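**Student:** coords below, sequence missing:
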Ligand code: SF4
């Protein structure tokens, strides 16, 4: 007789008194939340050992919905709070949830220094190319030529590539997935969490409300179709020309460096020496 698949118990990780959530129907943020819970469950972490910090924005509402140690902080400062948590209690698994504007514009300074320090925190960037909550202003990842309330004639700024930026600043684990590739996403979140050092996962997700409808993708389906068609597995991208990669993005593990010095651990070693 075939084995019956056990239904995943999402309820045990949710704060039901904070639901329903405020995300628009079809928003990609819910898929990332689902993958995050499944990854944590798969790794068998205790709820009390997880800390989630966030800044401001649609993505940053996530900690309010989950039953871990969570803190919803000020705009762009999710990583600074995360660093404080990790330094105070290094045994905890610290995850930071941030939108593209929150992580790379307002919090850009904290992003590069967390990467430089290689602190053992997992940053998940919910990258929907826009400031969704405030109505669709251009963010630093907005594709060249695309439209926003602040770029009504098309953006003329080259966008940040979250992964290249993270790698250049010193992050030791860097990857990308999308809200369409939910199975890959769950695996990459688990891999990021088990990496020792600063891990950055850029997740291309859909804001059909504030970004999509200005860019001929007004439904969630059109947006996930975009994610499916534009994603190029990193391994295949190695054999493609710059021209072939224009307008597309690499997915999967982009960069990994093992056995690098980790900030919290190094600090505690120094402190131990001082106490001798
Ligand atoms: S505005 Fe965009 S990012 Fe925010 S909840 Fe709605 S679809 Fe999601």
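**Tutor:** Done, it's in. Because the structure is a prediction, the values reported are computed rather than measured.
**Student:** got a list of what residue 91 touches?
**Tutor:** Shown in contact with residue 91 (Cβ atoms under 8 Å, 6 or more residues apart in numbering): residue 49. Where you see a C-beta, it was placed from the backbone N, CA and C, and this is true even at glycine.
**Student:** secondary structure element holding it?
**Tutor:** Residue 91 belongs to no helix or strand when assigned by DSSP states H and E.
**Student:** how close does it sit to residue 85?
**Tutor:** 11 Å (Cβ to Cβ, to the nearest Å).
**Student:** got the residues of the chain near the ligand?
**Tutor:** 23-24, 27, 29, 58, 128, 132-133, 207-210 (Cβ under 6 Å from any ligand atom).
**Student:** between the residues you listed, which is nearest residue 196?
**Tutor:** residue 29 (27.6 Å; Cβ to Cβ).
**Student:** hmm, back to that, in helices only, show me the residues of the chain next to the ligand.
**Tutor:** Under the assignment DSSP state H, the residues of the chain next to the ligand contribute residue 29 to helices.
**Student:** now the two most distant members of the residues of the chain next to the ligand.
**Tutor:** Distance extremes for these: the farthest pair is 133 and 208 at 14.1 Å, using Cβ to Cβ.
**Student:** let me know the pLDDT of the residue of the stretch 151-276 of the chain found nearest the ligand.
**Tutor:** Closest contact between the stretch 151-276 of the chain and the ligand, by Cβ to the nearest ligand atom, is at residue 207 (3.2 Å). The model reports residue 207 with a pLDDT of 97.
**Student:** what is the neighbour count of it?
**Tutor:** 30 (other Cβ atoms under 10 Å).
**Student:** contacts only, for it.
**Tutor:** 27-28, 58, 128-130, 132, 136, 223.
**Student:** now, which of those residues lie within strands?
**Tutor:** residue 130 (DSSP state E).
**Student:** I'd like the contacts of residue 207 laid out as a markdown table, including neighbour count and pLDDT.
**Tutor:** Formatted as a markdown table, the contacts of residue 207 follow (neighbours: other Cβ atoms under 10 Å; pLDDT from 0 to 100):
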| residue | neighbour count | pLDDT |
| --- | --- | --- |
| 27 | 24 | 97 |
| 28 | 27 | 97 |
| 58 | 26 | 97 |
| 128 | 32 | 98 |
| 129 | 27 | 97 |
| 130 | 31 | 97 |
| 132 | 28 | 96 |
| 136 | 25 | 96 |
| 223 | 26 | 97 |
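**Student:** quick one: contacts for residue 24?
**Tutor:** When contacts are counted by Cβ under 8 Å, 6+ apart, residue 24 touches 208-209.
**Student:** er, residue 181 actually
**Tutor:** Contacts of residue 181 by Cβ under 8 Å, 6+ apart are 227, 231, 251.
**Student:** one more: residue 235?
**Tutor:** Counting by Cβ under 8 Å, 6+ apart, residue 235 has contacts residue 252.
**Student:** many thanks, we can stop here.
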